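>>> all I have is the shape, not the residue letters:
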Ligand SMILES: Nc1nc2c(ncn2[C@@H]2O[C@H](COP(=O)(O)OP(=O)(O)OP(=O)(O)O)[C@@H](O)[C@H]2O)c(=O)[nH]1
Ligand SMILES: [Mg+2]
């Protein structure tokens, strides 16, 4: 299956329909010099759907502390991504405080403690069942007192159709901004790259509940290419900032649009 482009008056190609190469008439085939040219056109078009070409700025260190609230449905990789991010930041010499606002399960706090230790970051936690907003508040207060550079707040995975849990995110945001008025500076929605179209619904519901500002796409080390995020980036205009490519502490990359699009759409895929 390949995408067929229609030429507009401005000569800008636009996605028109999806048909097989074999199904094209000779005249249609002649419109393209070769498959390489077609691949380049398709890649350009996909890249255009994904926002501007400027390199991703993962953090704004002029804000101190820069507060990141990490959200998403169950099991997408929020806690793991926080561990990897903390490690990435520590390697840059930044002081990091992690907040264990997933108080839903005792194991969640333990898991985050292990990551914090591995990364060399401080952690703020309370007992299981504590109010997540209270943990978030303590975390940001502690980060301010310690003059930390970045705060990463973990939250419990929640189904996007649980209104009570989605409202809890609003409460967490509100208490954070009582300590640092313009925080959280980032609300990072973590999406599992192998999810498919359900990721679209997650993006819609989380952005309704809390102003999502960016996405991290995990589990792109398997066969999934994360193609669904093209449509999400186009519809909701959240930039993708990070890509998870494994379970290890180093397995996180700052998003590179060119590389992503090249991986997503390879010449050999359409030959
Ligand atoms: N292969 C692969 N596995 C990942 C990646 N990121 C996370 N995982 C795995 O996904 C599973 C869930 O990760 P967690 O970080 O616990 O996910 P979570 O969103 O915090 O889960 P909850 O807190 O239960 O909602 C773990 O087994 C991770 O090792 C990734 O980029 N690639
Ligand atoms: Mg977790």
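Everything's here; your move. Quick caveat: nothing in here was measured; it's all calculated off a predicted structure. Ligands and ions are numbered 1, 2, ... in the order given.

>>> so does the lengthiest helix in the chain get close to ligand 1?
Looking across the chain with DSSP state H, the single longest helix is helix 163-179. No: residues of helix 163-179 contacting ligand 1 under Cβ under 6 Å from any ligand atom: none, with a closest distance of 11.2 Å. (C-beta placed from N, C-alpha, C; glycine too.)

>>> ok, now stretch 62-79?
Yes: using Cβ under 6 Å from any ligand atom, stretch 62-79 comes into contact with ligand 1 via 72, 74, 75, 76, 77, 78, 79.

>>> and that stretch, average pLDDT?
In this model, stretch 62-79 has a mean pLDDT of 96.

>>> and for stretch 110-130?
On average, stretch 110-130 scores 96.

>>> re earlier: from the residues of stretch 62-79 next to ligand 1, which is closest to residue 235?
Using Cβ to Cβ, residue 72 comes nearest to residue 235 of the residues of stretch 62-79 next to ligand 1, at 17.5 Å.

>>> ok, that closest one - contacts?
78, 157, 189, 190, 191, 202, 206 (Cβ atoms under 8 Å, 6 or more residues apart in numbering).

>>> what do you get if the cut-off is 7 Å, keeping everything else the same?
78, 157, 189, 190, 191 (Cβ atoms under 7 Å, 6 or more residues apart in numbering).

>>> ok, residues contacting the longest helix of the chain?
With Cβ under 7 Å, 6+ apart as the criterion, helix 163-179 contacts 67, 69, 71, 101, 132-133, 136-137, 140-141, 144, 155, 158, 160, 183-184, 209-210.

>>> of the residues you listed, which belong to helices?
132, 133, 136, 137, 140, 141, 144, 209.

>>> residue of this protein closest to ligand 1, please.
residue 157 (2.2 Å; Cβ to the nearest ligand atom).

>>> so what pLDDT did that residue get?
At residue 157, pLDDT is 92.

>>> against residue 101, how distant is it?
Plainly put, residue 157 is 12 Å away from residue 101 if you go by Cβ to Cβ, to the nearest Å.

>>> these two: who's more crowded?
residue 101 (32 against 20; other Cβ atoms under 10 Å).

>>> now residue 157: closest residue in space, sequence neighbours ignored.
residue 74 (3.1 Å; Cβ to Cβ, 6 or more residues apart in numbering).

>>> now do residue 228
Counting by Cβ to Cβ, 6+ apart, the residue nearest residue 228 is residue 199, at 4.8 Å.

>>> scan the ones in helices among the contacts of helix 163-179 and report the most crowded one.
residue 136 (29 neighbours).

>>> look at residue 20 and report its pLDDT.
65.

>>> residues contacting residue 239?
Residue 239 neighbours (Cβ under 7 Å, 6+ apart): 51, 56, 214.

>>> which one of those residues sits closest to residue 39?
residue 51 (21.0 Å).

>>> appreciated, that's everything.
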